[in-house]
Every structure is written in structure tokens, then in C-alpha cells.
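> Pasting a predicted model and its sequence here:
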Amino acid sequence: MRKKIVAGNWKMNLDYAAGISVFSEIVNMVKDEKNGSQDVVICAPFIHLNSLSKLGGETVKIGAQNCHQNESGAFTGEISAGMIKSVGCEYVLIGHSERRQYFAETDALLAEKTVIALKNNLIPIFCIGETLDERNNGSYFEVIKSQLENGLFSLDAESFSKIIVAYEPVWAIGTGLTASSDQAQEVHAFIRKEISEKYSMAIADATSILYGGSCNPKNADELFAQKDIDGGLIGGASLKSRDFMDIIKAFNS
Ligand code: PGA
């Protein structure tokens, strides 16, 4: 059985005190209300990671939102995968569309970041997804295929089996426009087919593929009911403990 995961992505929100406060609420709610084997992760700004990983313990796991592609060195202002690991993180987002768009991160760079994250025993949550133009002109399968091929498919099978994929249509991120459950399932099934053709059916079956893009407590049940959707990457709704917990509970058995 592949792992079910609900991961929050706080982006550049919540100062230190607010982050501790929202996170403490999430930990308490997860302890009281989670009733299933889904993993809960918060991907927070760097300044929070050390404190949150201590507060979260086994209840809520912590991830960073980015890492540098080099192990260490003269890269002023950057943070390495080893540093992230050293404060107790287990996950790192790689290739979020905001990194691709605003920081010009290419698939080739993201492939390097993925290798360094794995080398430091972080689990990459590798984000892919098409823009509105690519959705409308029907090229979205090609776009996703090329993001997979150029970002991930140079990994060997053992390394690939540690990856979590997040499908986040760019037009659905922060816009309130969610992909319908049929649209999301169609792409998730396509991603799984590509993984199976590149690696094996067993690896494809074991890969968790998360959906992200305006996921909220109202649409989570239907999205998570799709057979190839194994969880969510939640932006705006992860900043509110109650909404985030209600999304997590879409997996309660
Ligand atoms: P959203 O963001 O839930 O606010 O649309 C998702 C994401 O960017 O990971």
C-alpha cells in the first residue's frame, strides 16, 4: 500500500510566533482527531524548521520548501540539504511552480536538487504541473511528461522509489480554481503510467502522488477519493489549523 500524505506548504507566511502558534494547534488537533494512517507534514520557512521539528515529534513531520543544489560553500543566503536534515526535517519541496516561475528553476537544476536531497536522506516532494495556457492548448500531458523525464527520470529505480510526486496545475494554485476530481485523476493516472513505463508497475504502484491547488475542506473528500490521488499539498488552507485538520480528516477511516 502506498503512503497517504497530507502536506501543508506555508510559503512565505507566518512569522516565528505565529508559526509556533498555528503549528501547536495543528499538532494538538492531529493528536485528538486523526484516525487513519495518513502522514501529516508541514513545509515551513527555514526560520521555523528547528523549533517545529522538536514540537512535531512523531505527530507532524517537517519539510523545507527548497534547498540548494550544492553540498556547501560560498552561496550567500542559501541553505543546504544537509543543514535542513540537521534540524530534524524529513522532507523538502522541490520544483514548486513558484520556484520555477519566480526563481527560474529549470528541470535540470531541480534534478540536481533532488539528487542532493536524497543524498542527505531527505524525501523530495517533487512538484510538477501545467500552466493555464498549456491546459487550454491541450499540451499538458507533454509538459508533465517532460517535467518527469528531465527532473526525475535520470534517477535509478532505488532512488526514484523514495520520491513523492505532487501534481499541482499552476492555474489552480492560490486561485480558488480547483482541478475537478476527474481532471486531477486523469493526470495522476497518466503520471503513474509514465512511472510504470520508465521503472516498473511495482514502483509506480508504490509511488505517492499528491494533488495540490486550491484544495480545501469542501473539495478534499472528492479529490482524495480518486484512486490515483494519494494525498494533498495544501497551501492557503494549511495556514488555518481547523481547515488543514478537516482536509487531513478526508483520509480518516
Ligand atoms: P494553494 O497552494 O492550496 O493555496 O492553492 C498549493 C501549493 O502551492 O502548494
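Structure received.
> Report how many residues lie close to Met12.
Met12 has 7 neighbours, counted by other C-beta atoms under 10 Å. In this view, the C-beta of every residue, glycine as well, is placed from N, C-alpha and C.
> Just the element for it, please.
Assessed by DSSP states H and E, Met12 sits outside every helix and strand.
> quick one: pLDDT of it?
Among the per-residue scores, Met12 shows a pLDDT of 98.
> Over to Ser253?
You'll see Ser253 listed with a pLDDT of 65.
> now swap in Ala179 and tell me
Looking at Ala179, its pLDDT stands at 88.
> give the contact list for it.
Residues near Ala179 by C-beta atoms under 8 Å, 6 or more residues apart in numbering: 169, 172, 187, 211, 213.
> So the second one sits against Val187, correct?
No: in terms of C-beta atoms under 8 Å, Ala172 does not count as a neighbour of Val187; the distance is 11.1 Å.
> mind listing the strands for the stretch 101-250 of the chain?
Along the stretch 101-250 of the chain, counting by DSSP state E, counting those that start in this stretch, strands occupy 123-128, 164-167, 209-212, 231-234.
> Out of those, the one nearest Glu33 is which?
Between Glu33 and the strands of the stretch 101-250 of the chain, the shortest gap by C-beta to C-beta is with strand 231-234, which sits at 16.0 Å.
> roughly how far apart are the closest residue in space to Ser72 that isn't next to it in sequence and Ser159?
Counting by C-beta to C-beta, 6 or more residues apart in numbering, Ser80 is the residue found nearest to Ser72 once chain neighbours are left out, at 5.6 Å. Counting by C-beta to C-beta, to the nearest Å, the separation of Ser80 from Ser159 is 19 Å.
> And for Cys127?
Using C-beta to C-beta, Cys127 is found at 18 Å from Ser159.
> all helices of the stretch 51-200 of the chain, in order?
With DSSP state H, counting those that start in this stretch as the criterion, the stretch 51-200 of the chain has helices at 81-86, 97-102, 107-119, 132-136, 140-151, 157-160, 181-198.
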